[in-house]
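>>> Just the structure for this:
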Amino acid sequence: AYTISSRAPSTTQPTLQSLTQVIIYHVYLIKSMLKQEFLTRNHNSTIMQFVGRDEMVTVYAVEPGSLASRHGIAAGDIIETINHEKVLDSIDFQALSAARHVCLLIKKPDMTEREVDIIKPSSSVSLGITLTPEAFPPPRECANNCIFCFVDQMPEGMRPSLYIKDDDWRYSLMMGSFITLTNVGDNEFKRIIKRKASPLYISVQATDEDARCAMMNNPWAGKLLDRLRTLAENGISFHGQVVLCPGVNDGDQLIKTLDDLYNLRPHTLSVALVPVGLTRFRKGLPELAVYTREQANEVQKICRIYQQRSMKEYGDLFVYLSDEFLSITSSPIPPTDDYDGFPQIENGVGMLRLFEDGLKLAAEEAGTSIRPRTVCVPCGTSLAPYMQQWVDQYSPAGVTALITPIVNHFFGETVTVTGLITAQDLLAQLKDIQADEVLISETMLNDEGTLFLDDISFEDFCHRLNIPCRIVKNNGEDFYHALCGNQEGV
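Model prediction:
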């Protein structure tokens, strides 16, 4: 059977991999369009509505000399069915067009219809069709009201895109975003099975029905384990995520969850344990607490039990603590081999290790002539101890790096990660800093590198700080070059 696979086996560097080059094109084009799309917010809820989208599967371009070109398919044609199955989106197109014999029902721009029969030399040969962005419609909205939802803890008046709560299996397949499956009806679930959509990324939280329903405030959330078993029975693999809340889904609940997921191996590929993130904007929300060091150590003990078992039976660790748990327990960073190819890198599992590995490599390959200078490195309070160790060990001679932990007053002091630091907190806490340059992690800014979370532009920030600033990519190699003042760090 044709299996849609979103990612190739992970390497030592985090990469976004998708179905084909065509799908890569769609993903980046869609992301760009979604940023510019007009968004309207329903002020009585958190639902974000996308306006004015057409969901027809339409040909954007045809490669010259390709099978599609030789059979008269052209830009503007609508693909209605393939092998007599309705084509709903680009996932359907990729799956159905992978057959060796492809029969397409095409609607031309003049609304006439024609059937196109194509027999490919092999099933792996592409038709040479690129679809319009409308073939991958906007992400579906989340149907839950999770007690730990970070979007619900955002202050009012921020950019509309920050309030989007998406939960779409198609994005999970293609981009690795985590989903709950609570908004997937029976017919759509059958479609997942039929399309062999693998691997998926599932937000589990708990496999106990009552616990999961309570955490998600959704009476339909409790049947996840049945669905995971069905996925496994049909050869579909998945990565799991468990957002842990102290006293809610850890302890015995966590043991049950990991037991259930382990019993679905090898189709359960990995599980990440992530501590709940809490801001100061929780008025009217359930009372939750952040993890203490002692509580996090108990989670770590449970994690090790399953890691040891999995290493004996499967040769991998299976369960991975997020970097935030390492920070809470002040644990050393595990070696590269312990991350088994970094299957959960975008879930914050192994970023510290990759960063240090890149920094060490760059330091080993660097020359010896460095202009003496002082740089300021603001970062989250959870990262600061590790960053201090790194610059002490790897910083080039002649460079003084001032590691400056930034207390997050905007979201609250319980928020300790670098990516949620705002410009106003930086300006307040760096006002007396003496440095030749300030290194700003790209994770503090939007994708374009122009705006902080509090909508202060990078240009305005630099002007107000009145110290030269440099945006640094989130990897060790670029950080080292930035320490040196090299152009590669920009």
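>>> does the nearest residue to residue 262 once chain neighbours are set aside belong to a helix or a strand, and which?
Using CB to CB, 6 or more residues apart in numbering and skipping residues adjacent in sequence, the residue nearest residue 262 is residue 306, 6.3 Å away. For glycine as for every other residue, the C-beta is placed from the backbone atoms N, C-alpha and C. Applying DSSP states H and E as the criterion places residue 306 in helix 293-313.
>>> Please apply the same query to residue 272.
Following DSSP H and E, the helix or strand that holds residue 272 is strand 268-275.
>>> State the mean pLDDT of that strand.
In this model, strand 268-275 carries a mean pLDDT of 98.
>>> name the helices or strands packed onto it?
strand 238-244, helix 252-262, helix 293-313, strand 319-321, helix 323-329 (3 or more CB pairs under 8 Å, 6 or more residues apart in numbering; DSSP states H and E).
>>> hmm, 6 Å instead?
In this structure, strand 268-275 makes packing contacts with strand 238-244, strand 319-321, judged by 3 or more CB pairs under 6 Å, 6 or more residues apart in numbering; DSSP states H and E.
>>> Just checking: what are the partner strands of the longest one?
Each strand pairing with strand 238-244, determined using DSSP bridges, is listed with its direction: strand 200-203 (parallel), strand 268-275 (parallel).
>>> need the ones you listed in TSV with mean neighbour count, can you?
Shown next, in TSV, are the strands paired with strand 238-244 (neighbours: other CB atoms under 10 Å):
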stretch	mean neighbour count
strand 200-203	24
strand 268-275	24
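>>> I'd like a version of those strands in CSV, one that adds distance to residue 394 as further columns.
Below are the strands paired with strand 238-244 laid out as CSV (distance: least, CB to CB, whole Å):
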stretch, distance to residue 394
strand 200-203, 33
strand 268-275, 27
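>>> now stretch 113-129: how far from the chain's centre is it?
Remark: stretch 113-129 is offset 33 Å from the chain centroid, using CA atoms, centre = their mean, to the nearest Å.
>>> and if you look at stretch 257-273?
So, by CA atoms, centre = their mean, the centroid of stretch 257-273 is 20 Å from its chain's centroid.
>>> Tell me the span between the first and last residue of that stretch.
11 Å (CA to CA, to the nearest Å).
>>> just stretch 416-425 next, same as before
Stretch 416-425 end-to-end distance (CA to CA) = 12 Å.
>>> same thing with stretch 221-238?
Stretch 221-238 end-to-end distance (CA to CA) = 18 Å.
>>> Pull the residues that contact that stretch.
By CB atoms under 6 Å, 6 or more residues apart in numbering, the residues outside stretch 221-238 that reach it are 181-182, 193, 198-200, 202, 207, 209, 212-213, 260, 264, 267, 269.
>>> May I see the buried residues of that stretch?
Counting neighbours by 16 or more other CB atoms under 10 Å, one finds that the buried residues in stretch 221-238 are 221, 222, 224, 225, 227, 228, 231, 232, 236, 237, 238.
>>> Check stretch 159-178 too.
By 16+ other CB under 10 Å, the buried positions in stretch 159-178 come out as 163-178.
>>> about what we covered before: what pLDDT does the model give the residue nearest to residue 262?
98.
>>> That one against residue 317, yeah?
No. In this structure, residue 306 is not within contact of residue 317 by CB atoms under 6 Å, at 8.2 Å.
>>> which of these two has more neighbours?
Just comparing residue 306 and residue 317: by other CB atoms under 10 Å the higher neighbour count belongs to residue 317, 22 against 19.
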